[in-house]
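Undergrad: starting from these lines, generate the structure:
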Amino acid sequence: MSLYDLIGKRVRVHLYNRDGIALGTVTGRVADVAPDVEVAPGMKKDLAYVVDIETGDPDVPYRNSAGEENESWFAVQDMEVIEENRPRLFVN
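TA: Numbers count the residues shown, from 1 in each chain. From the prediction side, this is the model:
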């Protein structure tokens with residue numbers, strides 16, 4: 001699958017803290033992608049911009065670090081495409 005094939009797909013994003021400990025998941029739709037973004041000196045990742053984020057609790061919106069609700073950039077490696085007719089696969 002090409003990185004650009006993710007656009008429009010529903011995804012589940014696995015969230016981690018800075019120590020790599022899993023915090024949970026959110027779901028949403030990929031609206032854009034950006035390949036090879038430098039996220040730290042010498043470290044590049046493919047990113048996807050996810051919108052319509054759902055946390056699983058309608059009273060708790062997802063907030064990104066800029067304070068925007070229900071949209072954010074995430075590393076593609078932390079995402080899985082949600083397909084109802086396929087087995088669930090996730091590799092991190």
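Undergrad: for the strand of greatest length in the chain, which strands pair with it and how are they oriented?
TA: Here the longest strand in the chain is taken by residue count, with DSSP state E as the criterion, and it is strand 22-40. For strand 22-40, the paired strands and their directions (DSSP bridges) are strand 10-16 (antiparallel), strand 43-54 (antiparallel).
Undergrad: what lies in contact with that strand?
TA: Residues outside strand 22-40 that contact it (C-beta atoms under 8 Å, 6 or more residues apart in numbering) are 3-4, 6-17, 44-56, 62, 70-71, 73, 75-76, 82. (Glycine included, C-beta is placed from N, CA and C.)
Undergrad: same question for it: list its buried residues.
TA: By neighbour count, with 16 or more other C-beta atoms under 10 Å as the criterion, the buried positions of strand 22-40 are Thr25, Val26, Thr27, Gly28, Arg29, Val30, Val33.
Undergrad: so, low pLDDT: which residues of the protein?
TA: Regions of the chain meeting the criterion pLDDT under 70 cover residues 1, 84-92.
Undergrad: what are the buried residues along stretch 64-74?
TA: Asn70, Glu71, Ser72, Trp73, Phe74.
Undergrad: extract the C-alpha set from that stretch and format it as CSV.
TA: As requested, the backbone C-alpha atoms of stretch 64-74 are provided in CSV (Å, rounded to 0.1, in the frame of the first residue of the first chain):
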residue,chain,number,x,y,z
ASN,A,64,-3.6,17.9,20.0
SER,A,65,-0.6,19.7,21.4
ALA,A,66,-1.8,23.0,19.7
GLY,A,67,-5.2,22.8,21.4
GLU,A,68,-7.1,21.8,18.2
GLU,A,69,-9.9,19.3,18.8
ASN,A,70,-10.4,16.0,16.9
GLU,A,71,-7.6,16.4,14.4
SER,A,72,-3.8,15.8,14.6
TRP,A,73,-0.7,14.5,12.8
PHE,A,74,0.3,10.9,13.8
